[in-house]
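Asks: sharing a sequence plus its predicted fold:
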Amino acid sequence: MPGATDAKPTKPLKNPCNLCQTVRAILKRPKTGQQLCKECFFHVFETEIHNTIVDNKLFNRGDRVAIGASGGKDSTVLAYVMKLLNDRYSYGLDLVLLSIDEGITGYRDDSLETVKRNRDQYQIPLLIVSYKDLYGWSMDDIVKEIGRKNNCTFCGVFRRQALDRGAIMLNVDHIVTGHNADDIAETVLMNILRGDLPRLQRCTSIITNDTSEDSSGIETSKILRSKPFKYTYEKEIVMYAYFKKLDYFSTECIYSPNAYRGHARVFLKDLEAVRRTAIVDIIHSGEALSASVQANESTKLPTMSNCTRCGYISSNELCKACLLLEGLNKGLPQLGIGHTTKIRRMHEAANLASGLSSPASLSSPGSGVTEDNVKVVTHIKDLGQLATMPTSHEHGESNTPVDGWQRTADGLPDYTAEPRGRAKGVEWKLRAKGRNFVDFCRIKVSGGQGGDGCVSFHREKFVAFGQPNGGNGGRGGNVIFEASSNETSLQHIPHTAAAPRGVHGKGSLMHGHAGKDLIIKVPMGTIIREVPSPEKERSDEDEWDVLFSHKALELGETEAKDKEMSKRWVLYPRLANSLTALPEGKVNYFEEAQAWVAEEDRIVEARRAAMSKKPLLLDVNEHTEDTTQFMVGRGGGGGYGNPHFLTTQNRAPKYATRGREGQTRWLTLELKTIADAGLVGLPNAGKSTFLQAVSNAHPAIAPYPFTTLNPYIGTVDYSDSYQVKVADIPGLIRGAHMNVGLGHSFLRHVERSKVLVYVIDIAAEFGIKRKVKGVDDWTPEEDLEQQEEVKDAASSAKPSSQDDEDPLAVNAEYSQPFEDWKTLLDELEAYQPGLTRRPSMIIANKADVTEVAPKNLRLFQKLVHEEWAKRRVASDTSSPSSSSTTPSTDSHDIKIVPVSAKYKKNIVKVTSILREIVEAEKAKESAAAMRKLQREREEEEEALAFKATRRNIMNNSQNE
Ligand SMILES: Nc1nc2c(ncn2[C@@H]2O[C@H](COP(=O)(O)OP(=O)(O)OP(=O)(O)O)[C@@H](O)[C@H]2O)c(=O)[nH]1
Ligand SMILES: [Mg+2]
């Protein structure tokens, strides 16, 4: 063992290395949990990689191997270890470094400098291949063209090809890349989530070979790729680089902070925190899955051939890189991103527009034209210079119907069929159960950190020791919520909101500006609640933190102390040294200043703790004025500049404080639409038509269910400027309280309406049901039973001569509108008991359908009044207390108004009744508020009188 001869301890070691037992362990291996000394760690790390190379027979003696070098930790360690193992075990490899310059200013240019230094340090030749030379586009150009979405697709596809092209230029047999176990586990996870079996197979194999055959059946590519770090943990690579003091570059790519991979990484880290072996376990699962896929003959993997344009290996006629390039060059950057059929359509359109006679088929394997490699590179370069072709859009020709309706054979709009896009939208909405209308969200708000104070002294000619003149830091920005009547959803609320920090103070007593407040608009009706932080409070300290604490990294105690101090203090250069070497008898003023600041910190902490004892609860309700602001995340105070510490003794304080952290809170926002009246009805009842008839709103109206997908508010204006706000709520169906249909998320928008307006399709007939895909499949047992009962009643009362098909003819008491209304009542009650006790009215809509409406209306009125009375009596007797708290206007009556919303008939009548009910309810509410105020005042007066009496009694007793 390498560490075995290093030390001969005289007394027993406190924390010996698990392997050599002779030296103190300085780290804990993330992979196995072993505590090791530095030398033993190097030994096991290198040996494991050697074993991976040998066991998997990655190389043959004499191979020329290119190491993919980016300058990052993985590739730097890979280059170092490959060179070391090649020399130690005499692999006989000819190593070269191969770097790709994607053309990302501020990221890749710096990392390439690192690679160049590595080239000199390890004495390995280097080739740099750039996107600009290969494709005519750098990543900076591409991002300028397509924005930050999907740019990783371009980069990934181009890099893979560029590596191969570089390898061809270098004439190597093999490329090794620094993909580590964490990367592979992330890729496995992502491929499982995408259900991408071919990629799953490729990512789990340690060695891959993208071979293809040309038309004569000869393999055209033999460059192997392998990942010697397949089983090496990322944390161990970082530790190896750190302890070996390797020269590497560590910054995230500036274009990929939001890549999907980042989420997989976070998930993986969480798993790893719970179970150390999670990463290797996932890799093994990936291997097992891909082995079973291989065994399953029915899984067809794509047949590989060559791109007809550049000759690169591809499963389609055009390789992905050529397709992306074509998109870039033709001004269609979306070409190549997304589904194949869509790609084909776009490609065909682009080709047609450019006048090409036969658009290339992208799904069928090509003829397999093989070109020579140099030619390939030139070809791609030429592609980059292609003139921008006009798109189909520019030609102005499109087959999509302008109005979105499908056409009948005569070319007329087919109103019985929903437009394709809309049907898809509804399906998606139904699947999401209304969750995509954002009326609930969580947000982390953080006030900005205060700016740091400055340590500075006045400088002037002939003034030997100038006064301290460092400015104070500005306070951090606050996070503020502002009530806004223009917002209607919480869609725009971000997951995190951090206000900017205050500006640092500067010399010449220049104080820093305060950070700008971050104002977020929230719609009226939002309830804001503070919740505990979901960030996991781990019982043990995070292993990673422990490993990288000053102990593990062998920081001296003073260094660690300095690090800690620099979190709160800004010190004049070299002050720390002069403090440690303070001559005898000299007072350490810094300690005094530290004590002041510590005392102030304690007070601030106590104040913050007192303020945060009660979680924040805000209700942006109808009493809130527009643009009212609520502070939810206070910015931290700015730091003090050095004049703050000036005393009669200490004339030159060489320290200033840093700004304080801002306040961080986790909040949930819940939107409950506030309206005077809420329209409640089954889909297609005519709610939106009614809202349009009575208000200034223009909601979508169409003859199919679920036209309205989100709540919508309209205002009814009366001639005397009185206004009633009416909310159109997406249609409810049986089972809505159990999240059927668009889900119960919309029921919460009924909750805050003062008045319920039931919109009933009075022309509805039994058997003519709204057929909704994915919704009518849901038939709970009691629903089926109910339907059976109705059918039984109908058949038992059937006179022999009557028509079999017409239940109305046989059962005079059956009314579909009444059944619809009962469904609504049941759903509201099931969602929130007592909800139907709100003041209500019924709109019997579609009264213009004269064949059925008048007959239906009579029966409906009779049945409703009976049912309403029955329900009121039942609820009054069952809960007398609740009736006193939520009294209805007239507990045994509900107004039914026949209306034709479509032809605007009886609208004046209905709006005046609506106003009456709303006004009565508002009057009741304000009377209740007055009573409450009165009661509070009385209680206050009573308390004051009690205090005065007690004071009198005490005074009298003292006088006596
Ligand atoms: N004949 C007649 N048809 C009406 C009347 N009111 C609405 N309609 C028709 O009924 C269909 C549905 O109307 P919408 O207003 O979209 O119904 P909705 O209740 O909002 O439906 P969802 O948004 O799906 O819940 C449309 O084709 C309207 O033209 C009316 O008074 N008479
Ligand atoms: Mg509607």
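Replies: Great, that's in hand. Ligands and ions are numbered 1, 2, ... in the order given.
Asks: show me the helices in the stretch 51-200 of the chain, by range?
Replies: Taking DSSP state H, counting those that start in this stretch to define them, one finds helices in the stretch 51-200 of the chain at 73-88, 108-122, 131-135, 139-146, 151-170, 181-194, 197-204.
Asks: mean pLDDT lowest for which of the ones you listed?
Replies: Sorting the helices of the stretch 51-200 of the chain by mean pLDDT places helix 197-204 lowest, at a mean of 78.
Asks: could you give the angle of that one to helix 181-194?
Replies: 170 degrees (axes from the mean of the first three to the mean of the last three C-alpha atoms, to 10 degrees).
Asks: packing partners of helix 197-204?
Replies: If you count contacts as 3 or more C-beta pairs under 8 Å, 6 or more residues apart in numbering; DSSP states H and E, helix 197-204 packs onto helix 181-194, helix 278-295. Yep, even glycine has a C-beta here, placed from its N, CA and C like the rest.
Asks: what's near enough to touch the residue nearest to the spatial centre of the chain?
Replies: A centroid search over the chain (C-alpha atoms, centre = their mean) returns residue 495, at 6.9 Å, as the residue closest to the centre. Contacts for residue 495 (C-beta atoms under 8 Å, 6 or more residues apart in numbering) come out as 441-444.
Asks: most packed of the helices and strands packed on helix 197-204?
Replies: Ranked by mean neighbour count, the helices and strands packed on helix 197-204 are led by helix 181-194 with a mean of 20 (mean count of other C-beta atoms under 10 Å).
Asks: determine how far the strand or helix carrying residue 947 lies from the middle of the whole chain.
Replies: If you go by DSSP states H and E, residue 947 is part of helix 907-959. Taking C-alpha atoms, centre = their mean, to the nearest Å, the mean C-alpha location of helix 907-959 is offset from the chain mean by 46 Å.
Asks: stretch 33-40 now?
Replies: On C-alpha atoms, centre = their mean, the centre of stretch 33-40 falls 39 Å from the chain's centre.
Asks: before we move on, what about stretch 264-279?
Replies: 20 Å.
Asks: okay, buried residues for it please.
Replies: Burial within stretch 264-279, assessed by neighbour count using 16 or more other C-beta atoms under 10 Å, is assigned to 264-265, 268, 271-272, 276, 278-279.
Asks: equivalent analysis for stretch 109-124, please.
Replies: 111-112, 114-115, 118-119, 122, 124.
Asks: surely residue 208 is in a strand?
Replies: Yes. Residue 208 sits within a strand when classified using DSSP: H, G, I helix; E, B strand; the rest coil.
Asks: partners of it in the sheet?
Replies: residue 225 (DSSP bridges).
Asks: near it, how many other residues are there?
Replies: As a burial measure, residue 208 scores 16 neighbours (other C-beta atoms under 10 Å).
Asks: can you verify my assumption that it contacts residue 199?
Replies: No. Counting by C-beta atoms under 8 Å, residue 208 does not reach residue 199; the two are 11.1 Å apart.
Asks: top of the contacts of residue 495 by neighbour count?
Replies: residue 443 (21 neighbours).
Asks: how about residue 821: what's its closest non-neighbour residue?
Replies: Of all residues beyond its chain neighbours, the one nearest residue 821 is residue 760 (5.4 Å), with distances taken as C-beta to C-beta, 6 or more residues apart in numbering.
Asks: residues touching the host helix or strand of that neighbour, excluding its own?
Replies: Residue 760 belongs to strand 755-761 when assigned by DSSP H and E. Counting contacts by C-beta under 8 Å, 6+ apart, the residues outside strand 755-761 that touch it are 676-682, 684-687, 690, 726, 750, 817, 820-821, 824, 828, 835-836, 838-846, 860, 914, 917-918, 921.
Asks: also stretch 235-252?
Replies: 27, 29-31, 38, 41-42, 45, 71-74, 76-77, 80, 107, 110-111, 113-114, 117-118, 121, 178, 180, 229, 544, 547, 553.
Asks: tell me the SS of the closest residue to ligand 1 within the stretch 801-950 of the chain?
Replies: Going by C-beta to the nearest ligand atom, ligand 1 is nearest to residue 902 of the stretch 801-950 of the chain, at 3.4 Å. Under three-state DSSP, residue 902 falls in the coil class.
Asks: and for the nearest residue to it once chain neighbours are set aside, the neighbour number?
Replies: The spatial neighbour of residue 902 that comes closest, neighbours along the chain excluded (C-beta to C-beta, 6+ apart), is residue 689 at 5.6 Å. When neighbours are counted by other C-beta under 10 Å, residue 689 registers 24.
Asks: the contacts of strand 755-761: which ones sit near ligand 1?
Replies: With C-beta under 6 Å from any ligand atom as the criterion, the contacts of strand 755-761 include 681, 684-687, 845-846 near ligand 1.
Asks: may I ask which of these comes out lowest in pLDDT?
Replies: residue 684 (84).
Asks: double-check that one against residue 733; I have them as touching.
Replies: No. Applying C-beta under 8 Å as the test, residue 684 and residue 733 come out as separate, 10.4 Å apart.
Asks: give me the nearest residue to residue 193, chain neighbours excluded.
Replies: Nearest non-adjacent residue to residue 193 (C-beta to C-beta, 6+ apart): residue 264, at 7.7 Å.
Asks: the strand or helix carrying that neighbour vs helix 278-295, what angle?
Replies: Assigned by DSSP H and E, residue 264 falls within helix 260-274. Put simply, helix 260-274 runs at 120 degrees to helix 278-295, going by the same axes, to 10 degrees.
Asks: what's the angle from helix 260-274 to helix 151-170?
Replies: Between helix 260-274 and helix 151-170, the angle comes out at 90 degrees (the same axes, to 10 degrees).
Asks: quick revisit: in helices, which of the ones next to ligand 1 among the contacts of strand 755-761 fall?
Replies: Secondary structure defined by DSSP state H assigns residue 687 of these to helices.
Asks: so who does residue 312 touch?
Replies: 161, 164, 306, 319, 321-322, 376.
Asks: pretty sure residue 730 sits in a helix.
Replies: No. Counting by three-state DSSP, residue 730 falls outside a helix, being coil.
Asks: what's the pLDDT at it?
Replies: Looking at residue 730, its pLDDT is 80.
Asks: what segments of the stretch 651-800 of the chain are strands?
Replies: With strands called from DSSP state E, counting those that start in this stretch, the stretch 651-800 of the chain shows them at 655-657, 664-671, 677-681, 712-717, 723-728, 755-761.
Asks: okay, those in a markdown table with mean neighbour count next?
Replies: A markdown table is the format used below for the strands of the stretch 651-800 of the chain (neighbours: other C-beta atoms under 10 Å):
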| stretch | mean neighbour count |
| --- | --- |
| strand 655-657 | 27 |
| strand 664-671 | 19 |
| strand 677-681 | 27 |
| strand 712-717 | 20 |
| strand 723-728 | 23 |
| strand 755-761 | 25 |
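Asks: tell me which of these sits nearest to ligand 2.
Replies: Ligand 2 lies closest to strand 723-728 among the strands of the stretch 651-800 of the chain, at 5.9 Å (C-beta to the ion).
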